[in-house]
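[1] starting from these lines, generate the structure:
(2 chains)
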Amino acid sequence: MTAPTQISHTQAESDLLARFDEAKGALAGSTAVKDLRVAAAEQIKTRGLPHRRVEEYKYSDLRAFMKSAAPLAPKADAAAVRAVLAADEAFAGLTRYRLVIANGSFLAEASDVAALEAEGVVIRDFAAALDADTAAELLATPKSASQDGVLALNTAFVQGGIVLSVKDGVEVSRPVELVHVSTEAGAIVTRNRVEVGTGANLKLIETFAGSTGAGESNVVFDYQIGDKATLAVTRLVVGASEGARLLTTLAKVGGEALFKILGFMAGPAFARNQQFVAFAGENSDAKLYGVSMARGNGLADQTLIVDHAVPHCNSREFFKTVLDDEARGVYQGRINVAQHAQKTDGEMMTQALLLGEGAEMANKPELEIFADDVLCAHGATSGQIDEDLLFYLRARGIPEAEARTLLVMAFLSEAIEEFEEDYVTEALETRVRDWLAGA
Amino acid sequence: MLEIKNLHARIAEEGTEILRGIDLKVNAGEIHAIMGPNGSGKSTLSYILAGKEDYEVTEGEIIFHGQNLLDMEPDERAAAGVFLAFQYPIEIPGVATMEFLKTALNAQRKAKGLAQLSIPDFMKLVKEKAADLNVTMDMLKRPLNVGFSGGEKKRAEILQMSLLEPSLCVLDETDSGLDIDALRIVSEGVNKLRNPGRAMIVITHYQRLLDHIVPDVVHVLSKGRIVKTGGKELALELEKNGYADYIEAA
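    Next up, the predicted model:
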């Protein structure tokens, strides 16, 4: 037997391991869950944080970015949570249900639990569910994500979150906003399981409010989408953030189902939205969209793997990135088509607009196809604002800054429009304008 | 209104001289036609008036309403009353035509110190002007110029012109790509905008457009210079004899 190679730990890695030793007694979970946590911490210990020599993190070196690791955020004070929510107006005008996760733990008293129950949606606290989860099923990882370091970090430290189950046939009448609130500095690590029953329909909006300070946010969303079900997710990672924003999607899509997600990122110093999507039933659609904006030394990373494990499924991946200053953008998209997954239709496109001379985009679309009767396409572009378009607008009296805003909006809007969830369009466009105005 | 004095210009990047001493005076209410063979500098002149950065003025000046036009940004020129109807109107995916029109109109109103138009007032104005030019609501709902036919693009240009009410209209080969019916509609639209306070410079290869938009003065541009100036009959003469004489003269 070979002993694992011991690496020399960075400050952040040492911090994390110390944090684990301190916190492990208090972290939720059955014995099986706790064993998984220990194994995940061991993975961090032996491999360290994901770094540039790990293929999936080549352009997003988390190990180099994290200089230290802040402690987990403490339990939130309800009044402080209300104050953060009152200041957060992203979807103030939208009639919606709201579920609140405060400093990493579900806060039922601030959430519309009863109203959702009445519609046929059951909400549970993920931490409580972990205590009862004797087989650690809630922390199950798809094979494509089993080696992922960010997911291992999540498994080791997950504080809480929600389990949301939409009963069969229920069409939830309003979008549900799942908001992660931070009332004070500290890392938040949550995992959320969303089960959409057969023929059910849910629109989910995921947002973040408040600041984690230097603490990282590590949030996993595990979507189980039943046959003939529809799930539409709008994920907003907006605003300056010193700590890394790490988002992971695990999605299992049933037969004749529709899964749509738009990942919108603007502002964090280090943002990674990684998605592992697998088709489990035939005749289904998965539509993944991305809108990323970064400036300064910021990094916006959209990484995804879509597994066409069964025949007759369609996937669409359409990602837009705008980069200013010295910012870096990453798109890594892989479509896997299994040997028997005939009649797969995959269409992947990534486009970047570079506003700053020092901005850099890494586009890496990949197709791995073992079936012989499929349609798969991919494309990647990087470019600057077209001076001819700019001149045309200015020749009509539109000042340069406004003309640039119009053109950037136009570029990003293509993805927002194709996402076709009208209730979020205005809020997203406002966020783009805010970002362009320097927010 | 407009006075161009000894204008020399070259392509900024590679230095090829295109305009080699243009003198032109346009008074309010006048229509000047500029004709000339390919490569004579007609489009360059129109781009320089509008402020395109690809050209560098090496000598001369352009005075517009008493201001030095060359000191102004393209959007400032537009707000001051210069309008260039492009030979090839540009397609801008993602920018809705209506949104664009509203932004342009309100930007110019702002520059002039006028209040922003309310949405109902704006809609009313656009509908009224669009109807005159056979521009359908369907076209206005589409992204700017995207999927428009050649004729639709030119009509959309004239619609912009009529909304923005410039004092100097520069029409760069507005007749290119138009069939006879489209030419008539566009010309009627332009003629409606003729008034004593407004001047037009109509750039074209062909006499045909000038049957519809009758000029007061016709200039022949060749190799970057105006080589002949005359009345509208000059256009007829060119149609008959071609540009050969003038290419020699330049």
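[2] so where's the chain uncertain?
    By default, I'm working from chain A. Of all residues in chain A, those with pLDDT under 70 make up the ranges A:1-6, A:439.
[3] my bad, chain B
    B:248-250.
[4] how about the strands in it?
    Per DSSP state E, chain B carries strands over the ranges B:2-11, B:17-26, B:31-35, B:55-64, B:67-68, B:82-85, B:92-96, B:143-144, B:168-172, B:199-204, B:217-222, B:225-230.
[5] what does the stretch 201-350 of chain A give?
    For the stretch 201-350 of chain A, the strands identified by DSSP state E, counting those that start in this stretch occupy A:201-210, A:217-225, A:230-238, A:245-253, A:258-266, A:270-279, A:285-294, A:299-308, A:314-323, A:328-337, A:345-354, in order along the chain.
[6] same question for the stretch 51-200 of chain A.
    Along the stretch 51-200 of chain A, counting by DSSP E, counting those that start in this stretch, strands occupy A:97-102, A:105-106, A:121-125, A:162-166, A:176-182, A:188-196.
[7] who touches the residue nearest to B:Tyr206 when sequence neighbours are not counted in this structure?
    Leaving aside its chain neighbours, B:Tyr206 sits nearest to B:Asp175 (6.4 Å; criterion: Cβ to Cβ, 6 or more residues apart in numbering or on different chains). Glycine gets a C-beta too; all of them are placed from N, C-alpha and C. Neighbouring residues of B:Asp175 by Cβ atoms under 8 Å, 6 or more residues apart in numbering or on different chains: B:Leu183, B:Val186, B:Thr204, B:Tyr206, B:Arg208, B:Leu209.
[8] let's see which of these end up in helices.
    The helices, defined by DSSP state H, take in B:Leu183, B:Val186, B:Arg208, B:Leu209 from the contacts of B:Asp175.
[9] quick check: closest non-adjacent residue to the residue in chain B positioned nearest to chain A.
    Going by Cβ to the nearest Cβ, chain A is nearest to B:Gly94 of chain B, at 2.8 Å. Nearest residue to B:Gly94 in three dimensions, chain neighbours excluded: A:Ala410, at 2.8 Å (Cβ to Cβ, 6+ apart).
[10] look at that neighbour and give its secondary structure.
    Secondary structure state of A:Ala410, per DSSP: H, G, I helix; E, B strand; the rest coil, is helix.
[11] okay but B:Lys25 is in contact with B:Leu2, surely?
    Yes. With contact defined as Cβ atoms under 8 Å, B:Lys25 reaches B:Leu2; the gap is 7.2 Å.
[12] of the two, give the one with the bigger neighbour count.
    Between B:Lys25 and B:Leu2, counted using other Cβ atoms under 10 Å in any protein chain shown, B:Leu2 has the larger neighbour count: 23 against 13.
[13] against chain B, how distant is the residue lying farthest from the centre of chain A?
    The C-alpha centroid of chain A is most remote from A:Ala395, which lies 40.8 Å away (Cα atoms, centre = their mean). As for A:Ala395, its distance to chain B is 5 Å (criterion: Cβ to the nearest Cβ, to the nearest Å).
[14] just A:Ala152 next, same as before
    40 Å.
[15] report the two of the ones in helices among the contacts of B:Asp175 separated the most.
    B:Val186 and B:Arg208 (11.9 Å; Cβ to Cβ).
[16] if you count surrounding residues, which of these two has more?
    Looking at B:Val186 and B:Arg208 with other Cβ under 10 Å, you find the greater number of neighbours at B:Val186, namely 25 against 15.
[17] make sure A:Glu119 is actually in contact with A:Val172.
    Yes. Between A:Glu119 and A:Val172 there is a contact under Cβ under 8 Å: 5.6 Å.
[18] which one of those two is surrounded by more residues?
    Neighbour totals were compared for A:Glu119 and A:Val172, and A:Val172 leads with 20 against 16 (other Cβ under 10 Å).
[19] which ones are touching that one?
    A:Tyr97, A:Leu116, A:Glu119, A:Gly120, A:Val121, A:Val166, A:Ala200, A:Asn201, A:Leu202, A:Lys203.
[20] what residues are up against the third one?
    Applying Cβ under 8 Å, 6+ apart to A:Glu119 gives the contacts A:Val170, A:Val172, A:Ser173.
[21] closest to chain B out of the contacts of A:Val172?
    A:Lys203 (24.4 Å).
[22] what is that closest one paired to in the beta sheet?
    A:Ala232 (DSSP bridges).
[23] returning to what we had before: just send the contacts of B:Asp175 back as TSV, with distance to A:Asn336 too.
    Formatted as TSV, the contacts of B:Asp175 follow (distance: Cβ to Cβ, whole Å):
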residue	distance to A:Asn336
B:Leu183	56
B:Val186	54
B:Thr204	58
B:Tyr206	59
B:Arg208	60
B:Leu209	59
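[24] just curious, which of those residues is nearest to A:Phe370?
    B:Val186 (57.1 Å).
[25] please list the residues of chain A that sit near chain B.
    When proximity is defined by Cβ under 8 Å from any Cβ of the partner chain, chain A lies next to chain B at A:387-389, A:391-400, A:402-403, A:406-407, A:409-411, A:413-414.
[26] report the buried members of the residues you listed.
    Neighbour counting with 16 or more other Cβ atoms under 10 Å in any protein chain shown marks A:389, A:391-399, A:402-403, A:406-407, A:409-411, A:413-414 as buried within the residues of chain A next to chain B.
[27] now, those that are in helices?
    Counting by DSSP H, these contribute A:389, A:391-394, A:402-403, A:406-407, A:409-411, A:413-414 to helices.
[28] nearest to B:Leu168, of these?
    A:Arg394 (16.5 Å).
[29] need the contact list for the closest residue in space to the closest one that isn't next to it in sequence.
    Nearest in space to A:Arg394, with sequence neighbours left out and distances taken as Cβ to Cβ, 6+ apart, is B:Pro74 at 4.0 Å. By Cβ under 8 Å, 6+ apart, the residues touching B:Pro74 are A:Phe391, A:Arg394, A:Ala395, B:Ala50, B:Gly51, B:Lys52.
[30] surely the fifth one meets A:Gly397?
    No. Between B:Gly51 and A:Gly397 no contact is recorded; they are 11.3 Å apart, counting by Cβ under 8 Å.
[31] apart from its neighbours in sequence, what residue is nearest the residue in the stretch 201-350 of chain A positioned nearest to chain B?
    Residue of the stretch 201-350 of chain A nearest chain B, by Cβ to the nearest Cβ: A:Lys320 (10.4 Å). Using Cβ to Cβ, 6+ apart and skipping residues adjacent in sequence, the residue nearest A:Lys320 is A:Ala415, 4.6 Å away.
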